[in-house]
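Enquirer: Next comes the sequence, and after it the predicted model I'd like to discuss.
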Amino acid sequence: MAYRCYGEEEAANLRQVIESGELWRGFGHDNFTGQFEQGFGKWLGRKYVLGVCSGSCAEETAVAALGLEPGDEVICPASAPIFVSFPVVSIGCIPVFADVDPRTLIISPEGIEARISERTRAVMVVHLWGMPAPMDEIMAVAKKHNLKVLEDCAQAFGPTYRGKKVGTIGDVVCYSLQQSKHMSSGEGGIFATDDPEMYKRALLFANGGMPWYGYGLEAPKPEPLGGVNTRGHFSFGHNYRMSELQGAVCLAQLAKLPEFNKRREAIAEAIEEELEGAPGIEIKLAYPHTEPNYWVYPVRVPAPLGHYGEINYLEVEFQKMQRERRTSMGIPLPDYVSYEPGTCPNAEAGAKQMRGIGTHHSREPDDARKDARALREEIEKAL
């Protein structure tokens with residue numbers, strides 16, 4: 001029988017939500033969504049957590065929480081899901097792509113340093129594959145240039161860097177709860193920080209500018225204007241609220257996360273056993289002082305046998321921005337910002353050597369072994 005990621009725990013919570021007739025999270029913080037936020041904060045070790053409706057919304061909310069202005073530049077890794085850089089565009093800022101370590105496709109401190117300008121305000125660090133980035137060096141660059149740091153942990157629920165969970169090192173963090181992630185509500189996202197002002201900005205942005213703060217934080221009161229009552233939209237914002245249906249599933253999934261992570265560890269060990277010493281294949285790419293928990297297990301192979309296809313600036317929309325010299329939101333691109341092929345040579349070269357083997361916790365180690373053996377045979381034939 002296949003391993004079931006969802007079961008009676010999720011179903012029981014969902015039945016309770018449906019029977020209540022309250023499928024949205026409402027104004028309170030003691031329902032399923034609020035309980036999940038509290039529980040996730042305890043698991044992660046962050047003071048303020050906000051659930052939202054998707055991982056992309058979490059990313060955009062996290063960028064908004066930094067308090068950036070239109071035209072500010074945000075350094076992004078060249079190699080990452082495009083849901084990392086599109087939120088920067090949508091908030092009115094300019095993504096500037098930094099080169100990466102070609103062995104891991106993770107943003108490098110040197111790549112960040114090379115892209116800093118007088119308009120740079122923040123850097124986005126993606127813990128790609130579920131492998132922690134070299135955070136000491138990255139944080140040193142950020143501190144030197146007074147940059148905010150956003151950690152993207154969409155693929156990294158629980159990996160550690162020098163004993164600290166990733167997601168607790170930068171100023172803000174976002175997670176995705178999409179189906180492929182370490183825990184899931186189908187779609188969904190999480191924002192977290194230790195800064196109450198950043199939490200307030202995040203909540204306003206994700207809640208139509210209405211200050212329905214949790215954690216006992218005091219909210220401003222709307223006042224009538226011209227004798228007409230107002231609802232209290234104190235800033236611009238979207239409706240990115242997490243629903244109670246999502247919160248109900250998330251709360252049940254959070255309790256299972258340790259088990260899910262152990263299953264992923266066992267799958268990664270099986271892959272390593274199959275590929276250890278295989279000609280033309282490089283494994284165990286994680287940095288020193290880190291403990292990964294893999295979303296997908298990365299493997300380096302000879303070029304051009306890699307299949308990685310997420311170099312953001314090579315995508316159609318960024319090529320349009322390059323031609324028009326403005327972002328999709330109409331923000332002019334400075335002359336030194338380029339989305340041309342060759343902008344980040346390490347990323348482009350590394351993509352041609354990177355393959356991934358699935359480590360989803362619904363799989364069995366033997367399934368991953370078969371994939372690893374197939375990859376080994378493919379590479380041996382190509383050599």
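Expert: Sure, I can see it.
Enquirer: The stretch 201-350 of the chain: helices as residue ranges?
Expert: 244-275, 316-324, 345-351 (DSSP state H, counting those that start in this stretch).
Enquirer: Out of the ones you listed, flag the one nearest residue 149.
Expert: Nearest to residue 149 among the helices of the stretch 201-350 of the chain is helix 345-351; the distance by CB to CB comes to 19.9 Å. (Glycine included, C-beta is placed from N, CA and C.)
Enquirer: which outside residues touch the closest one?
Expert: Counting contacts by CB atoms under 8 Å, 6 or more residues apart in numbering, the residues outside helix 345-351 that touch it are 77-79, 97, 99-105, 108, 111, 303, 306, 308-311, 314, 341-342.
Enquirer: Weed out the non-buried ones from those.
Expert: 77-79, 97, 99-102, 104-105, 108, 111, 306, 308, 310-311, 314 (16 or more other CB atoms under 10 Å).
Enquirer: partners of the strand ranked longest in the chain in the sheet?
Expert: The strand that spans the most residues within the chain, counting by DSSP state E, is strand 120-126. Using DSSP bridges, strand 120-126 pairs in its sheet with strand 73-77 (parallel), strand 148-152 (parallel).
Enquirer: Packing partners of whichever helix or strand comes after that strand?
Expert: Under the assignment DSSP states H and E, the closest C-terminal helix or strand after strand 120-126 is helix 135-144. Packing partners of helix 135-144 (3 or more CB pairs under 8 Å, 6 or more residues apart in numbering; DSSP states H and E): helix 109-115, strand 120-126, strand 148-152.
Enquirer: out of these, nearest to residue 221?
Expert: By CB to CB (comparing all of the helices and strands packed on helix 135-144), the closest turns out to be strand 148-152, at 30.0 Å.
Enquirer: just the CA coordinates of the closest one, formatted as CSV?
Expert: Taking Å, rounded to 0.1, in the frame of the first residue of the first chain, the C-alpha atoms of strand 148-152 are listed here in CSV:
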residue,chain,number,x,y,z
LYS,A,148,17.8,43.3,4.2
VAL,A,149,17.8,39.5,3.7
LEU,A,150,14.8,37.5,2.6
GLU,A,151,15.1,33.7,3.0
ASP,A,152,13.1,31.6,0.6
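Enquirer: what comes into contact with it?
Expert: Contacts of strand 148-152 (CB under 8 Å, 6+ apart): 59, 62-63, 66, 74, 80, 84, 121-127, 138-139, 142, 166-167, 169-174.
Enquirer: for the next helix or strand after it, packing partners?
Expert: Next helix or strand after strand 148-152 toward the C-terminus (DSSP H and E): strand 160-161. In terms of contacts (3+ CB pairs under 8 Å, 6+ apart), strand 160-161 is packed against strand 290-291.
Enquirer: Parallel or antiparallel, which strands does the strand it packs on pair with?
Expert: strand 160-161 (antiparallel).
Enquirer: Now do stretch 277-288: distance from first to last residue.
Expert: Stretch 277-288 has its terminal residues 20 Å apart, counting by CA to CA, to the nearest Å.
Enquirer: Contacts for that stretch, please.
Expert: 103-104, 131-134, 271-272, 275-276, 292, 297-302, 375-376, 379-380, 382-383.
Enquirer: filter those to the buried ones?
Expert: Neighbour counting by 16+ other CB under 10 Å classes 104, 131-134, 271, 275, 292, 297-301, 375-376, 379 among the contacts of stretch 277-288 as buried.
Enquirer: So which of the residues you listed is the closest to residue 190?
Expert: residue 132 (17.9 Å).
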